[in-house]
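[1] Using only what follows, build the 3D model:
(one chain, ligands or ions: 1)
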Amino acid sequence: MNNHDLLQRSLAAVWHPCTQMKQHVGNGGELPMIPIARGQGVWLHDFDGKRYLDGISSWWVNLFGHANPRINAALRAQLEELEHVILAGFTHRPVVELSERLSALTGSALGHCFYASDGASATEIALKMSFHSWRNRGMDRKRDFLCLEGSYHGETIGALAVTDVAIFKDAYAPLIRVAATVPTPDARQALDGETPADVARRAAAALERHLEAHHQSIAAFIVEPLIQCASGMAMYDPEYLRLARALCDRYDVHLICDEIAVGCGRTGTFFAHEQADIKPDFLCVSKGISGGYLPLSIVLTTDAVYQAFYDDATVRGFLHSHSYTGNALACRAALATLDIFEEDKVLDANVVRARKLAAALAPLTGHPRVRHLRQRGMIIAFDVDTEDARFSRRFYRAALEREALTRPIGHTVYLMPPYIVSDNEISHLGRAVAGALEAALHP
Ligand SMILES: *Cc1c(COP(=O)(O)O)cnc(C)c1O
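    Numbering: from 1, shown residues only. Have a look, this model is predicted:
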């Protein structure tokens with residue numbers, strides 16, 4: 001096996017995600033397609049002896065490195081016991097333990113866990129549960145959803161309804177029952193003299209006006225707490241979540257926190273909403289929860305929502321399912337991931353790691369083309385002042401040439417590495433980003 005052969009076969013047989021395939025084809029292809037033979041820690045190795053530092057945790061999922069010995073061992077043990085069993089009418093130890101531990105991480109405020117396999121399904125489950133719980137309570141006028149400008153909650157048709165990213169949404173607009181949007185609290189929108197908290201208050205005032213006018217038809221407001229990742233790492237002040245929580249309470253609207261990207265320690269706390277000292281009505285978790293090993297998502301909710309379905313009538317139950325709901329291997333990977341958080345005191349260690357990430361990109365602070373260098377926990381990002389529509393592709397390629405996997409979103413460059421990245425590896429990322437920036441700006 002070598003790079004070239006596998007590459008040709010992949011281009012012929014695999015339709016890659018989020019990809020215009022033509023950009024990869026032929027020697028004139030703008031983007032390389034990289035066959036990966038194995039992963040070890042933060043490194044991805046191809047078949048020809050090249051390696052890449054996984055600076056984006058393989059699309060934000062990998063927390064403790066590739067081929068992590070502890071997660072591998074847990075999965076091997078689980079394979080010998082139970083790989084999977086139907087979760088309707090049956091249960092098993094990993095799913096029970098994981099539910100208990102996740103609920104405990106919410107201070108038991110969200111004591112009921114519903115399972116699926118990917119993030120978009122978690123979004124859809126939260127939306128359906130919210131609507132259905134109001135309906136079961138005789139309030140079926142509440143059938144609309146509200147989201148933030150620039151929101152991203154997944155790409156299935158239901159999830160696209162609350163996703164506000166044109167490139168993912170526009171082609172499918174005729175298929176979608178589009179949700180209303182309210183202004184984002186993105187701190188980059190600060191006017192002269194405004195603090196991030198001021199921007200949050202301004203955005204919350206707009207939310208208040210919207211809810212005041214439309215609350216009778218709104219089931220839920222869905223947000224990505226603290227960082228709108230997919231639309232370009234838009235960071236905002238926790239004050240917005242505090243105000244949104246109070247407004248949702250006042251107007252009888254559910255608050256859904258989509259922590260698919262920002263959960264599992266990314267922002268410094270285990271869940272991002274903790275930094276606002278609030279509890280949502282629904283909490284969506286996926287991506288990092290299985291350590292980046294297996295598809296798994298969970299929607300946690302409150303006893304109040306659960307009780308709205310608890311009834312003699314079958315049809316008042318939540319009759320949603322996926323074939324792999326509560327997969328035992330995925331749950332076991334998640335338990336091993338939570339073990340590592342506890343045993344290694346990961347949140348504490350990440351405080352230091354986050355400082356080193358900041359130091360690695362600090363030299364860019366005064367760069368004439370760098371704007372809004374920003375960070376929260378283990379996510380650091382900046383915007384690049386360029387008119388070049390190909391900037392992100394050029395940067396991506398230039399970073400690969402410097403042994404780093406990055407994936408700029410438009411003109412936003414970010415790093416989101418696994419939580420095992422070492423000091424040397426952080427320096428490597430810093431050098432790769434600085435070098436790729438110059439290469440991309442001066443092709
Ligand atoms: C990635 C992501 C999703 C979708 O998850 P998939 O597993 O890709 O379907 C939803 N919401 C947020 C905030 C995400 O980052």
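[2] Now Leu373. Nearest residue, chain neighbours left out?
    Excluding the flanking residues, the one nearest Leu373 by Cβ to Cβ, 6 or more residues apart in numbering is Phe382, at 4.3 Å. (Each C-beta comes from the backbone N, C-alpha and C, glycine too.)
[3] And Val178, by the same measure?
    Nearest one to Val178, counting by Cβ to Cβ, 6+ apart, is Ala161 at 5.9 Å.
[4] Could I get the contacting residues of the one you found?
    Leu127, Phe145, Ile176, Arg177, Val178, Ala179 (Cβ atoms under 8 Å, 6 or more residues apart in numbering).
[5] and what of Asn350?
    When contacts are counted by Cβ under 8 Å, 6+ apart, Asn350 is found next to Gly265, Gly268, Gly377, Met378, Tyr419.
[6] Verify the stated contact: the first one with Val346.
    Yes: the pair Gly265 and Val346 qualifies as a contact (Cβ atoms under 8 Å) at a distance of 6.1 Å.
[7] Quick check: neighbours shared by these two?
    With Cβ under 8 Å, 6+ apart, Gly265 and Val346 have common neighbours Tyr419.
[8] hang on, the earlier thing: how near is the residue nearest to Val178 to the ligand?
    13 Å (Cβ to the nearest ligand atom, to the nearest Å).
[9] So which residues of the stretch 101-250 of the chain form helices?
    Per DSSP state H, counting those that start in this stretch, the stretch 101-250 of the chain carries helices over the ranges 119-136, 157-160, 166-169, 196-214, 239-250.
[10] Most tightly packed of those helices?
    Mean neighbour count (mean count of other Cβ atoms under 10 Å) peaks for helix 119-136 among those, with a mean of 24.
[11] Specify the local secondary structure of the residue of the stretch 251-400 of the chain found nearest the ligand.
    Residue nearest to the ligand within the stretch 251-400 of the chain: Ala261 (3.3 Å; Cβ to the nearest ligand atom). Classification of Ala261 using DSSP: H, G, I helix; E, B strand; the rest coil returns coil.
[12] What is the burial count for the closest residue to it other than its chain neighbours?
    Residue nearest to Ala261 in three dimensions, not counting chain neighbours: Cys229, with 4.3 Å by Cβ to Cβ, 6+ apart. Residues lying near Cys229 (other Cβ atoms under 10 Å) number 23.
[13] need the contact list for Cys229.
    Trp60, Tyr152, Ala261, Val262, Ile379.
[14] circling back: widest-spaced pair of the contacts of Asn350?
    Gly268 and Tyr419 (11.5 Å; Cβ to Cβ).
[15] list residues touching both of these two?
    With Cβ under 8 Å, 6+ apart, Gly268 and Tyr419 have common neighbours Asn350, Met378.
[16] The two: which has the busier surroundings?
    Tyr419 (24 against 19).
[17] Surely that one and Phe64 touch.
    Yes: under the criterion of Cβ under 8 Å, Tyr419 makes contact with Phe64 at 6.2 Å.
[18] which of the contacts of Cys229 lies closest to Ala439?
    Using Cβ to Cβ, those come closest to Ala439 at Ile379, 23.4 Å.
[19] low pLDDT regions in the stretch 251-400 of the chain?
    The stretch 251-400 of the chain contains no residues with pLDDT under 70.
[20] So which bits of it are right by the ligand?
    Asp258, Ile260, Ala261, Ser286, Lys287 (Cβ under 6 Å from any ligand atom).
[21] for these, which one is nearest Lys169?
    Scanning these for proximity to Lys169, where the rule is Cβ to Cβ, the winner is Asp258, at 16.1 Å.
[22] and the closest one, what does it touch?
    Gly119, Ala122, Thr123, Ala126, His153, Ile222, Val223, Glu224, Pro225, Cys284.
[23] how close does the third one sit to the ligand?
    In this structure, Thr123 and the ligand are 6 Å apart, going by Cβ to the nearest ligand atom.
[24] Please determine how far that residue is located from Ile256.
    Distance, Thr123 to Ile256, using Cβ to Cβ, to the nearest Å: 8 Å.
[25] Show me the common contact partners of the two, please.
    Ile222, Cys284.
[26] Point me to the residue of the stretch 51-200 of the chain nearest the ligand.
    Gly119 (2.0 Å).
[27] who's in contact with that residue?
    By Cβ under 8 Å, 6+ apart, the neighbours of Gly119 are His153, Gly154, Asp258, Ile260, Cys284, Ser286, Lys287, Ser297.
[28] can you name the two of those residues that are farthest apart?
    Once Cβ to Cβ is applied, the contacts of Gly119 give His153 and Lys287 as the farthest pair, at 12.7 Å.
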